[in-house]
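Q: Need the 3D shape of this:
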Amino acid sequence: MISVEEAISLVESNISRGNTESKELSKAFGFTLAEDIYSTIDMPPFPQSAMDGYAVNYDSTIKIYNLIGEVAAGSDQNFNLKKGEAVRIFTGAAVPLSANTVVRQEDVTSADQTISFTADIRINSNIRPQAEQIKKGDLALSKGKYIDAATLGYIATFGITDILVQAKPKVAILTTGDELVKPGLELKHGQVYESNSTMLHAAFESKGVFEITHLKIPDNYEQTVNAIEEVMTNNDFVILSGGISVGDYDFVGKALKQLNVEQIFYKVKQKPGKPLFFGKKGNTTFFALPGNPAAALTSFYVYIFPSIQKFQGQKFKGCTRLQLPFTSDYTRKAQRSEFLKGQITANKVEVLNAQSSAMLSSFSNADCLIYIPETQISYDKGEMVECLIL
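A: Next comes the predicted model:
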């Protein structure tokens, strides 16, 4: 068995970036930039009013200003103001180059096409300078940037309609086990409802992956080989749930070997999730997860989530990690690294009950995984521990 740290390092070094594709800007939310974006214009492209008010050619010796017109947002009018002249102006409108300040309307008294000021005036107030945000030709966004709403809006300000993005992965989820029954059907003695495919599907969708295929495999060697072979050539990630241990009805490991999938590692010194397989064949990545639900979901957050990020051109990062103090003493007997379901309250972390790898009850209430290194046996109340934020 290898350590958690070794396993994470091996996964990171063996995940490759996926292909790129062109996307309409309106359909690029949730993708990752695969190219640098340079500004096509000065932004703003002209001196711009930051207020509703009056654009003025101000002179401290003049008290009354003649109002000679109006500039609305989007207007192409460009008044040539003389000393002592002003125009009504609105937020976002182009400030006449002959104006040297914009006075907000709250500081103005108007009468008979003239205005005067009720507050001290400062030159260049309330004017957004041309190219204040960015100059034409400057780097706006670097490739590898996750495209959120603000990023989309920023790119749109340059008039760009199509961008190059990292393609999202295609994923196949294969569940094994004759004891597993689809929810909605009647359970017979010895059967349980199959939950891992629903859980893992939702986990992938929560990370922005939506092209997902499901297959249910019976405990049969030939059918296991055929099912894996069916999905391995047209998916970027093949995720197997169950059947990776060494029982008489565990055929996944043998099937992967039969299909010449390279084993990068099998078994990690961790709890839950010791019987974890990671391998590759061509451009397809394989994760064979334990069948116990909590073990499978823990493995998703620790290994698969950062792999998705790297595939999409982001950093191999995974869950945000924070150091938080324990709410109470904690002692354990295990000599493997542990990922405990935890709950954060008032910036402190508590270990939840029901930590079994077969149980999802605590996972459904957890907002973090508490990482206990294999060398750490106990913690005192208030001692800091690393937490993976879910």
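Q: how much space is there between P306 and V261?
A: Distance from P306 to V261, counting by C-beta to C-beta, to the nearest Å: 21 Å. Where you see a C-beta, it was placed from the backbone N, CA and C, and this is true even at glycine.
Q: can you pull out the strands in the stretch 1-150 of the chain?
A: With strands called from DSSP state E, counting those that start in this stretch, the stretch 1-150 of the chain shows them at 20-24, 32-33, 37-38, 48-49, 53-56, 65-71, 85-89, 101-104, 108-111, 114-117, 127-128, 139-141.
Q: Serialize these to CSV and add fields for distance to F363 and mean neighbour count.
A: Formatted as CSV, the strands of the stretch 1-150 of the chain follow (distance: least, C-beta to C-beta, whole Å; neighbours: other C-beta atoms under 10 Å):
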stretch, distance to F363, mean neighbour count
strand 20-24, 34, 13
strand 32-33, 28, 23
strand 37-38, 39, 16
strand 48-49, 51, 22
strand 53-56, 56, 28
strand 65-71, 59, 18
strand 85-89, 57, 24
strand 101-104, 54, 22
strand 108-111, 61, 13
strand 114-117, 64, 16
strand 127-128, 49, 19
strand 139-141, 36, 16
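Q: which one of those strands lies closest to K207?
A: K207 lies closest to strand 32-33 among these, at 11.9 Å (C-beta to C-beta).
Q: domain assignment for this structure?
A: Following automatic domain parsing, one gets these domains for the chain: 4-18+168-311, 29-42+134-166, 48-128, 321-389.
Q: now, of these, which is deepest in the fold?
A: domain 4-18+168-311 (a mean of 19; mean count of other C-beta atoms under 10 Å).
Q: average pLDDT for it?
A: Mean pLDDT, domain 4-18+168-311: 94.
Q: measure it end to end?
A: 21 Å (C-alpha to C-alpha, to the nearest Å).
Q: Likewise for stretch 202-211?
A: Stretch 202-211: ends 12 Å apart by C-alpha to C-alpha.
Q: can you list contacts of it?
A: For stretch 202-211, contacts defined as C-beta atoms under 8 Å, 6 or more residues apart in numbering pick out 30-31, 168-171, 173, 212, 297, 300-301, 304-305, 308-309, 312.
Q: Just those: which are in helices?
A: L297, F305, I308, Q309 (DSSP state H).
Q: distance of the last one from K168?
A: As judged by C-beta to C-beta, Q309 and K168 stand 11 Å apart.
Q: what do you get for V11?
A: 19 Å.
Q: next one: S39
A: 27 Å.
Q: Then T198?
A: In this view, T198 and K168 are 20 Å apart by C-beta to C-beta.
Q: and stretch 325-338, how far apart are its ends?
A: Start and end residues of stretch 325-338 are separated by 17 Å (C-alpha to C-alpha).
Q: gap between it and the chain center?
A: Distance, stretch centre to chain centre, for stretch 325-338: 30 Å (C-alpha atoms, centre = their mean, to the nearest Å).
Q: Ok, stretch 26-45 next?
A: 17 Å.
Q: Where is the longest strand in the protein?
A: Longest among the strand segments of the chain by residue count, using DSSP state E, is strand 337-345.
Q: Describe which strands that one pairs with in its sheet and in which direction.
A: According to DSSP bridges, strand 337-345 forms sheet pairs with strand 270-271 (parallel), strand 348-351 (antiparallel), strand 368-372 (antiparallel).
Q: Quick check: the farthest pair among the contacts of stretch 202-211?
A: Across the contacts of stretch 202-211 (C-beta to C-beta), the longest gap, 25.0 Å, separates F31 and L297.
Q: Quick check: which element contains I228?
A: I228 belongs to helix 221-232 when assigned by DSSP states H and E.
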